[in-house]
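Trainee: turn this into a model:
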Amino acid sequence: MTAALPRQRNSIIGDRAPYFWAGCAAISAGVLLHLPMLGHAHHMAGNRLAGMPMDPWMYLGMALIALGVPLACWGALPGQRTPHGDAAGTNYEAPDTTPLGRWHAAVLLVLTMGLVIDVMKPATLGFVLPGLTAEYGIPKSTAAFLPFVALAGTTVGSFLWGWLADVYGRRVSILLSTILFAATAICGAMPTFGWNLVMCFLMGASAGGMLPVVYTLLAEVMPPRHRSWVLVLVGGTGLVGGYLAASAAAHAFEPEYGWRVLWLQGFPSALLLLALARFIPESPRFLAEQGRTEEIDRMRERFGIVPIPRVEAPVDAPVAHTRHSRLTAALVIAALSWSFVNFGLLLWLPTDLQARGYSSEIASGILASSALLALPTVALAAWLYSAWSSKWTLVGTVVLTLLGLVGALLPAGILASPPVLVTVIAMLIVGTNGMIAALLPYTAENYALGVRGRATGLVAGSSKFGGVAVQGLALFGLIPTLGGAALALLVPMGLSAALIAWAGRETRGRSLRELEA
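Mentor: Down below sits the predicted model:
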């Protein structure tokens, strides 16, 4: 056994590692071969590629990517192994007294970066659209197809990668998502709008896989005493960090290199995540079911996990199943309601404010003043979630968002007052930030290991579906107003709060083994 440890310690994949890294090398070379044409456009055409024929290097690069992606994906998938006797029927969890160590800190940093990457792509859309519209010379109604297909991709990706995480393992799912994210960075080099749509959909699908898998994996490796606050804090930090990263990149690079560079930044981000993949653990029970006992031994040393006999299904299993079905409905409705508020009401809020007579500068100032509360909201939600109640923290953030919607229905004369308007918008921003920070961690804690990835993927996909629906309506010129959107969302938001209060359960400080039973 001691002779095998060093060999496996240097590999994040296993027996197929040479194929995985060969595929990654082909993808990297393929992306780099797109840079000569971009460099030519930067020096000779003011960063414009529209209408230019693709050069031979770009064709070769696309061929290498087409070869490298399936090779890397096949290399990442685990080979067939024989389950190790009783280990396949064992749960693994760190005791409640386990302290957070350097390996916990490393996995937190790496997975937070993964969430930043996930959030950064949708956040980049707003900075890309003006330059893309001008370069391709297309109307805004046509340009609206870009956020539509991108958000559709993230929705599909949440479902797909959540399912893959349950079938092939958490780390493998993250690696596959990262591979495709690196490959689709060439979205920034596409000379035609049609190819931009195709690559943007694939990029969204690859990035959308991070969200459910990160929450699922963190729930399985963190000690119960620390799990609650870690999940909420990492999720909220990733959310805010993604928007900050997108805006910072746009400010630093777009004026000089144009809008296309905002897509290309996905390539170095993905390579960095691959380089740090050795710090990403696998679900211990998945390792047991694959008979990978050496890796389980290393996880015992690093994360303090210990084997726990699997709990048999309770005698009232049908009742528990019915309650879980109700909870799933409650969480999906909450995620859908959040997505319509975030991608509908808040996305079009600057337009609505300007229609009310506010200048663009004042409108931006109102939103900026309200958005300053985002980071404190995440910290407060993490503290309440771990120190008070996971269930009622989630219900509270839904109710706060609901109060913001009620405030948006105030008479126009009252809502015209800047203090009142800022208060209403602040309630919406604080409520939605706290709501999404608690929603996905709560989901990951409530489902058994075999379906945890799929369940979290379902809720994560639902949290993005509203963006697809709103962008689809925008294609037909149906842009929501503050009052109209608030009125339409009152019932589903109130229903989700009531359902979670009724069907939800307390997860704070409880073992996943206990919750699974």
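Trainee: now do stretch 30-37: distance to the chain's middle.
Mentor: Averaging C-alpha positions (Cα atoms, centre = their mean, to the nearest Å) puts stretch 30-37 28 Å from its chain's average.
Trainee: avg pLDDT for the helix or strand encompassing residue 393?
Mentor: Using DSSP states H and E, residue 393 falls within helix 390-407. On average, the pLDDT along helix 390-407 is 93.
Trainee: avg pLDDT for whatever helix or strand comes next after that helix?
Mentor: Toward the C-terminus, helix 390-407 is succeeded by helix 412-415 as the next helix or strand (DSSP H and E). Helix 412-415 carries an average pLDDT of 80.
Trainee: just checking, what packs against helix 412-415?
Mentor: Packed against helix 412-415, as judged by 3 or more Cβ pairs under 8 Å, 6 or more residues apart in numbering; DSSP states H and E, are the following elements: helix 418-445. In this view, the C-beta of every residue, glycine as well, is placed from N, C-alpha and C.
Trainee: in terms of helices and strands, where is residue 91?
Mentor: strand 90-93.
Trainee: who does that strand pair up with?
Mentor: strand 306-309 (antiparallel) (DSSP bridges).
Trainee: follow-up on the earlier one: after the strand holding residue 91, which helix or strand is next?
Mentor: helix 102-136.
Trainee: give the rounded mean pLDDT of that next one.
Mentor: Per-residue scores along helix 102-136 average to 84.
Trainee: what helix or strand does the closest residue to residue 62 other than its chain neighbours sit in?
Mentor: Distances taken as Cβ to Cβ, 6 or more residues apart in numbering place residue 30 nearest to residue 62, at 6.6 Å, with adjacent residues excluded. In this structure, residue 30 sits in helix 17-32 according to DSSP H and E.
Trainee: packing partners of that helix?
Mentor: helix 56-76, helix 170-183, helix 266-275.
Trainee: now the longest one: buried residues?
Mentor: Of the residues in helix 56-76, those scored as buried under the neighbour-count criterion (16 or more other Cβ atoms under 10 Å) are 58, 61-62, 64-65, 68-69, 71-73, 75-76.
Trainee: and for the last one?
Mentor: Buried positions in helix 266-275, judged by neighbour count with 16+ other Cβ under 10 Å: 266-267, 269-271, 273-274.
Trainee: right, and the helices and strands packed on helix 17-32 - which one's nearest residue 39?
Mentor: Nearest to residue 39, of all those, is helix 56-76, at 10.7 Å by Cβ to Cβ.
Trainee: could I get the average pLDDT for that closest one?
Mentor: Throughout helix 56-76, pLDDT has a mean value of 91.
Trainee: swap in stretch 431-445?
Mentor: The model assigns stretch 431-445 a mean pLDDT of 88.
Trainee: what of stretch 225-238?
Mentor: 83.
Trainee: run through who's touching it.
Mentor: Residues from elsewhere that reach stretch 225-238 (Cβ atoms under 8 Å, 6 or more residues apart in numbering): 96-98, 100, 104, 108, 111-112, 114-116, 118-119, 214-215, 218-219, 222, 375, 377-379, 381-383, 385-387, 390, 433, 436-438, 440-441, 444-445, 507-509.
Trainee: now list the buried members of those.
Mentor: For those, buried by 16+ other Cβ under 10 Å: 98, 100, 104, 108, 111-112, 114-116, 118-119, 214-215, 218-219, 222, 377-378, 381-382, 385-386, 390, 433, 436-438, 440-441, 444-445, 507-508.
Trainee: what's downstream of the strand or helix carrying residue 228, the next helix or strand?
Mentor: Assessed by DSSP H and E, residue 228 sits inside helix 224-257. Next along the chain after helix 224-257, taking DSSP H and E as the criterion, comes helix 261-264.
Trainee: my guess is the residue nearest to residue 62 meets residue 61, correct?
Mentor: Yes. Counting by Cβ atoms under 8 Å, residue 30 does reach residue 61; the two are 4.1 Å apart.
Trainee: hmm, back to that, list of residues touching the helix holding residue 30?
Mentor: 11, 13, 60-65, 67-76, 175, 179, 182-183, 185-186, 267, 271, 274.
Trainee: may I have the phi/psi pair for the nearest residue to residue 103 once chain neighbours are set aside?
Mentor: Sequence neighbours aside, residue 302 is the residue nearest to residue 103 in space, at 4.0 Å (criterion: Cβ to Cβ, 6+ apart). In terms of degrees, to the nearest 10, the main-chain angles of residue 302 are phi -80, psi -40.
Trainee: which ones are touching residue 302?
Mentor: 101, 103, 281.
Trainee: so the last one: helix, strand or coil?
Mentor: When the structure is split into helix, strand and coil by DSSP: H, G, I helix; E, B strand; the rest coil, residue 281 lands in coil.
Trainee: next, count neighbours for residue 141.
Mentor: Neighbour count of residue 141, defined by other Cβ atoms under 10 Å: 11.
Trainee: mind giving me the packing neighbours of the stretch of helix or strand it belongs to?
Mentor: In the assignment (DSSP H and E), residue 141 maps to helix 140-143. Counting contacts by 3+ Cβ pairs under 8 Å, 6+ apart, helix 140-143 packs against helix 102-136.
Trainee: so the helix it packs on versus helix 418-445, what angle?
Mentor: Using axes from the mean of the first three to the mean of the last three Cα atoms, to 10 degrees, the direction of helix 102-136 lies 120 degrees away from that of helix 418-445.
Trainee: may I see the buried residues of helix 102-136?
Mentor: Going by neighbour count (16+ other Cβ under 10 Å), the buried part of helix 102-136 is 103-104, 106-108, 110-125, 127-129, 131-133, 135-136.
Trainee: likewise for stretch 388-402?
Mentor: 389-402.
Trainee: reformat the residues you listed as CSV; add distance to residue 200.
Mentor: Below are the buried residues of stretch 388-402 laid out as CSV (distance: Cβ to Cβ, whole Å):
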residue, distance to residue 200
389, 40
390, 36
391, 38
392, 39
393, 35
394, 32
395, 36
396, 36
397, 31
398, 32
399, 36
400, 34
401, 29
402, 34
